[in-house]
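Q: Build me a model:
(one chain, ligands or ions: 2)
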Amino acid sequence: METAGQPALNVLQSIFGYDAFRHNQQAIVEHVISGGDALVLMPTGGGKSLCYQIPALVRSGTAVVVSPLIALMQDQVMALKQLGVKAAFLNSSLSAAQARDVEQQLEAGQIDLLYVAPERLLGERMLSFLERLPVALFAIDEAHCVSQWGHDFRPEYQQLRILHERFPSVPRIALTATADKRTRIEIIEQLKLQGAEVYLNSFDRHNIFYAIAEARQAKQQLWDFIQNQHANDAGIVYCLSRKKVEATAQWLSEQGRIALPYHAGLPAELRAHTQQRFLREEGIIIVATIAFGMGIDKPDVRFVAHLNLPKNIEAYYQETGRAGRDGLPANAWMAYGLQDVITLRQFMQDSQAPELIKRVEHHKLEAMLGLCELITCRRHALLAYFDEDAPEKCGHCDNCVNPPENFDATEVAQKALSCVYRTEQRFGVTYLIDILLGTDDDRIKANQHDQISTFGIGTELNATQWRGIFRQLIATGYLDIDISRYGALRLTEKCRAILRSEQTLLLRKQQDRKATTKAGKKQ
Ligand code: ADP
Ligand code: ZN
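A: Ligands and ions are numbered 1, 2, ... in the order given. This is a model prediction of the structure:
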């Protein structure tokens, strides 16, 4: 008798054309083939699809793949068909006649892999239809969509637990590239996967070089980066707003690159067309909001650039993870500024989410900021966030290659913090800096803030340097942004020790304009 490994390897080689399994694909595939449940946590580009596609072909019956995105389904089915695999999808893009046709093929046992949207699968009609078929397995792709805390939450995903009750003997495999512990636990609970084998891969994307710089002339910084390192490469540039997407795409186009905007406000047809061009043509830059990316399988994206701060580390990891899926060197580059923090806080504050979720989001943003201001290895911190141990230094991020200089910032911090205090924690950064610099300003005079002790005491730094100090004080939790007061800064409990000179504070020395982006090389 053959072991499970042999037919699996055969399928891998003869159908998919690969020599060998990657990471722990083999163990996962064998486990599912033998009928076990599995939870697979693998970084983007790790090769999750094969983990269910191969068992689908080895086990008898139809494998049902739940997938949240219609575009993604269609791409996958098309790719499988090209390999000669009998695959189909059922979703709202099909006409009634087309759907009936797929159902007939299913009944005739002519389909090995069926991709289906969760809302479609969960209808009673579909469930009882499937009960009459031999189902090989259920694969639940993008399983983190069950998580209420995540940014891809889809309520219908939570109802997928019903599969366990209706099909107790059919193996289920849930897959995700989101790996924090909380999400992992939630997936197991929500999908009733307590008996599942958990396959946790390293989330290290060793071929990605991480670099984060403060934004000074962000557009120019971006252009220097692209021009010096990716003059002909495909890449993605993420921006927070649609307006900025449009403006940046336009600007890059003027510099001579093909740069296409992508955001949810553009017509669906145009978006689909843009996506196709990105996949098929070489050297295209997509400038996008976060609406772009999930499910885009383009292996040779050479860089992902952020012109704004992502709202949390999960998002940063996912978005940067779209670079270098082919395993070749790629860059994750970011320029961020204080305004990003204020805008994101504002978004969170204005959202309809319950208070508790807002608080979690707030903390997650703080962690993201922490990653930016870090003076030690980025990769170490990134992996630590996902509960993974990694060497203290990776040697392949900006901070490892070019350790940022510190300086004793106790005194300047005291000046900044007392300025906040003396103005009753009612003002934003720009105003505070004007006071520190002793700027002649009508509003300051009207408020009589030219009379307070901190007026003009900060002339040793310029406005940009002060911005950097405030940003770091916010990132490290000494100052807090009061969104209900238009971004006024407030002191936190942590400040006390500094104001009383009980603690010295080391901050990142303001870098010169040029940020490091690649091993040993200055832009
Ligand atoms: P994920 O869904 O985890 O992001 P995919 O399943 O799309 O990743 O796989 C990423 C890329 O790696 C795809 O181009 C896929 O064909 C390729 N791949 C997956 N497994 C292997 C393997 N064992 N050998 C070679 N290439 C592989
Ligand atoms: Zn490092």
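
Q: Against which helices or strands is the helix or strand hosting Ile226 packed?
A: In this structure, Ile226 sits in helix 218-229 according to DSSP states H and E. Applying 3 or more CB pairs under 8 Å, 6 or more residues apart in numbering; DSSP states H and E, we find helix 218-229 packed against helix 242-254, strand 303-306, strand 330-336, strand 516-518. To be clear about C-beta, it is placed using only N, CA and C from the backbone, and glycine gets the same treatment.

Q: 6 Å instead, please
A: Using 3 or more CB pairs under 6 Å, 6 or more residues apart in numbering; DSSP states H and E as the contact definition, the elements that helix 218-229 packs against are strand 330-336.

Q: Is there proximity between the strand it packs on and ligand 1?
A: No. Judged by CB under 6 Å from any ligand atom, strand 330-336 and ligand 1 are separated, with a smallest distance of 13.7 Å.

Q: Would you tell me what the next helix or strand after that strand is?
A: Of the helices and strands lying after strand 330-336 in sequence (DSSP H and E), the nearest is helix 338-350.

Q: Quick check: next helix or strand after the helix holding Ile226?
A: Taking DSSP H and E as the definition, the helix or strand that follows helix 218-229 towards the C-terminus is strand 235-238.

Q: can you list contacts of that next one?
A: With contact meaning CB atoms under 6 Å, 6 or more residues apart in numbering, strand 235-238 is reached by 285-287, 302-306, 319.

Q: Could you report the neighbour count for Leu200?
A: For Leu200, the tally of surrounding residues (other CB atoms under 10 Å) stands at 15.

Q: who touches it in this structure?
A: Applying CB under 6 Å, 6+ apart, the residues contacting Leu200 are Leu41.

Q: Leu383 too?
A: 204, 390.

Q: what helix or strand is it on?
A: Applying DSSP H and E as the criterion places Leu383 in helix 378-385.

Q: Closest one of the contacts of strand 235-238 to Gln221?
A: Using CB to CB, Ala305 comes nearest to Gln221 of the contacts of strand 235-238, at 9.4 Å.

Q: Assess the claim that that closest one and Ala332 are in contact.
A: No. Counting by CB atoms under 6 Å, Ala332 is not a contact partner of Ala305; they are 8.1 Å apart.

Q: Count the residues that sit near the residue nearest to Ala367 when sequence neighbours are not counted.
A: Nearest non-adjacent residue to Ala367, counting by CB to CB, 6 or more residues apart in numbering: Ile313, 5.5 Å away. The burial count assigned to Ile313 is 20, neighbours taken as other CB under 10 Å.

Q: quick one on the thing from earlier: any idea of the mean pLDDT in the helix holding Leu383?
A: Helix 378-385 comes out with an average pLDDT of 90.

Q: List the buried residues of that helix.
A: Using 16 or more other CB atoms under 10 Å as the test for burial, helix 378-385 gives 378-383, 385.

Q: where in the protein is pLDDT low?
A: 1-5, 151, 179, 294-295, 483, 511-523 (pLDDT under 70).

Q: Now do the contacts for the residue of the stretch 1-150 of the chain found nearest ligand 2.
A: In the stretch 1-150 of the chain, no residue comes nearer to ligand 2 than Pro43, which is 17.0 Å away by CB to the ion. Pro43 makes contacts with 177, 203, 205, as judged by CB under 6 Å, 6+ apart.

Q: For Ala335, the count of nearby residues, please.
A: Considering only other CB under 10 Å, Ala335 is surrounded by 24 other residues.

Q: now do Gln255
A: Here the count is done by other CB under 10 Å, and Gln255 has 13 residues near it.

Q: In the helix holding Ile226, which residues are buried?
A: Taking 16+ other CB under 10 Å as the basis for neighbour counts, the residues of helix 218-229 that come out buried are 218-219, 221-226, 229.

Q: export those to TSV and tack on distance to ligand 1?
A: Rendered in TSV, the data for the buried residues of helix 218-229 read as follows (distance: CB to the nearest ligand atom, whole Å):
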residue	distance to ligand 1
Ala218	29
Lys219	31
Gln221	29
Leu222	26
Trp223	30
Asp224	30
Phe225	25
Ile226	25
Gln229	23
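
Q: Quickly find the element holding the closest residue to Cys419 other than its chain neighbours.
A: Distance criterion CB to CB, 6+ apart; nearest residue to Cys419, sequence neighbours excluded, is Thr454 at 4.2 Å. Counting by DSSP H and E, there is no helix or strand that carries Thr454.

Q: Residue numbering should commence at 469 henceforth.
A: Got it, the first residue is 469 from now on, which makes the last one we talked about Thr922.

Q: Settle this for me: Thr922 is touching Leu885, isn't it.
A: No. Look at Thr922 against Leu885 with CB under 6 Å: they stay out of range, at 9.6 Å.

Q: which parts of the protein sit against ligand 1?
A: Proximity of the chain to ligand 1 is confined to 486, 489-490, 493, 510, 512-518, 765, 767, 793 under the rule CB under 6 Å from any ligand atom.

Q: can you list the residues of this structure near ligand 2?
A: By CB under 5 Å from the ion, the residues of the chain that approach ligand 2 are 845, 847, 862, 865, 868.

Q: Taking those residues together, which two end up most distant?
A: Taking CB to CB as the measure, these reach their widest spread between Arg847 and Cys868, a distance of 7.8 Å.

Q: Now the common contact residues for those two.
A: Between them, Arg847 and Cys868 have Cys862 as joint contacts when contacts are counted by CB under 6 Å, 6+ apart.

Q: Next up, phi/psi of Pro623, please.
A: In this entry, Pro623 is assigned phi and psi values of phi -50, psi -40 (degrees, to the nearest 10).

Q: about what we covered before: now the buried members of the residues of the chain next to ligand 1.
A: Buried by 16+ other CB under 10 Å: 489, 493, 510, 512-518, 793, out of these.

Q: buried set for stretch 898-910?
A: When neighbours are counted by 16+ other CB under 10 Å, the buried residues of stretch 898-910 are found to be 899-905.

Q: Could you pick out which of those are located in strands?
A: Assigned to strands by DSSP state E, none of these qualify.

Q: Can you list the residue ranges for helices in the stretch 869-991 of the chain?
A: If DSSP state H, counting those that start in this stretch is used as the criterion, the helices of the stretch 869-991 of the chain fall at 878-890, 897-905, 910-914, 931-943, 963-967.

Q: Would you mark the buried spots in the first one?
A: Read that as helix 878-890. 880-888, 890.

Q: what angle separates the helix or strand where Leu833 lies from helix 931-943?
A: Of the helices and strands defined by DSSP H and E, Leu833 is found in helix 823-841. Between helix 823-841 and helix 931-943, the angle comes out at 130 degrees (axes from the mean of the first three to the mean of the last three CA atoms, to 10 degrees).

Q: Just give me how far helix 823-841 sits from the chain centre.
A: A distance of 14 Å separates the C-alpha centroid of helix 823-841 from that of its chain, computed with CA atoms, centre = their mean, to the nearest Å.

Q: Output it in CSV with nothing but the alpha carbons.
A: Taking C-alpha atoms only, helix 823-841 is exported to CSV below (Å, rounded to 0.1, in the frame of the first residue of the first chain):
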residue,chain,number,x,y,z
GLU,A,823,-15.3,51.5,23.0
LEU,A,824,-13.4,48.3,23.8
ILE,A,825,-12.4,47.8,20.3
LYS,A,826,-11.4,51.4,19.9
ARG,A,827,-9.1,50.9,22.9
VAL,A,828,-7.5,47.8,21.4
GLU,A,829,-7.0,49.7,18.1
HIS,A,830,-5.4,52.5,20.0
HIS,A,831,-2.9,50.2,21.6
LYS,A,832,-2.2,48.5,18.3
LEU,A,833,-1.4,51.9,16.7
GLU,A,834,0.9,52.6,19.6
ALA,A,835,2.8,49.4,19.0
MET,A,836,3.1,50.3,15.3
LEU,A,837,4.6,53.7,16.3
GLY,A,838,6.9,51.9,18.6
LEU,A,839,8.2,49.8,15.8
CYS,A,840,8.9,53.0,13.8
GLU,A,841,10.8,54.8,16.5
